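[1] Whatever this is, show me its structure:
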Amino acid sequence: MAFVFERHSVYNKSAQVIYDAIFERHKGDPKLHSLTHVRKNAYVALQPADYLAFQLGHFFLDPASKKSQRGMSILGDGNVEGVRLERKQIERMVKALIAKGPGTCT
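    Numbers count the residues shown, from 1 in each chain. Got it, this is the predicted structure:
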């Protein structure tokens, strides 16, 4: 398992501390192998991961807040703001994104 973080000068040291603590506790676990910092748009999955972290943070700080309530769909409450995409639509979007090649996400 690799930990991938967006390159961010303010949080890089904190991420390293967390990584070191995890690796210290799980020494020898072959599933854990690296910590990487990448530029903002290097991986498509960083944006949803950021959204999930943001949502969890707000949910645990104040579950009744507007920010917490508006983002509950990512935690699986079944409510969606905006558009609900069907599997085939998502597959087409992913294929189109892959066809564009790496580094094309904005």
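
[2] Strands of this structure, start to end?
    2-6, 34-38 (DSSP state E).

[3] what angle separates the last one from strand 2-6?
    Meaning strand 34-38. Interaxial angle, strand 34-38 versus strand 2-6 (axes from the mean of the first three to the mean of the last three Cα atoms, to 10 degrees): 20 degrees.

[4] Which elements pack onto strand 34-38?
    Where contact means 3 or more Cβ pairs under 8 Å, 6 or more residues apart in numbering; DSSP states H and E, strand 34-38 is packed against strand 2-6, helix 12-25. The way it works is simple: take the backbone N, C-alpha and C, and place the C-beta from them, glycine included.

[5] of all these, which lies closest to L52?
    L52 lies closest to strand 2-6 among the helices and strands packed on strand 34-38, at 13.4 Å (Cβ to Cβ).

[6] In that closest one, which residues are buried?
    Of the residues in strand 2-6, 3, 5-6 count as buried by neighbour count, 16 or more other Cβ atoms under 10 Å.

[7] Direction included, what does it pair against?
    Paired neighbours of strand 2-6 in the sheet (DSSP bridges): strand 34-38 (parallel).

[8] C-alpha coordinates for the strand it pairs with, PDB please?
    Extracted in PDB, the C-alpha atoms of strand 34-38 (Å, rounded to 0.1, in the frame of the first residue of the first chain):
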ATOM      1  CA  SER A  34       5.800   4.000   0.500                       C
ATOM      2  CA  LEU A  35       4.800   7.600   1.000                       C
ATOM      3  CA  THR A  36       4.700   9.800  -2.100                       C
ATOM      4  CA  HIS A  37       3.900  13.500  -2.600                       C
ATOM      5  CA  VAL A  38       2.600  14.400  -6.100                       C
END
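
[9] What's the mean pLDDT across that strand?
    Rounded to a whole number, the mean pLDDT of strand 34-38 is 79.
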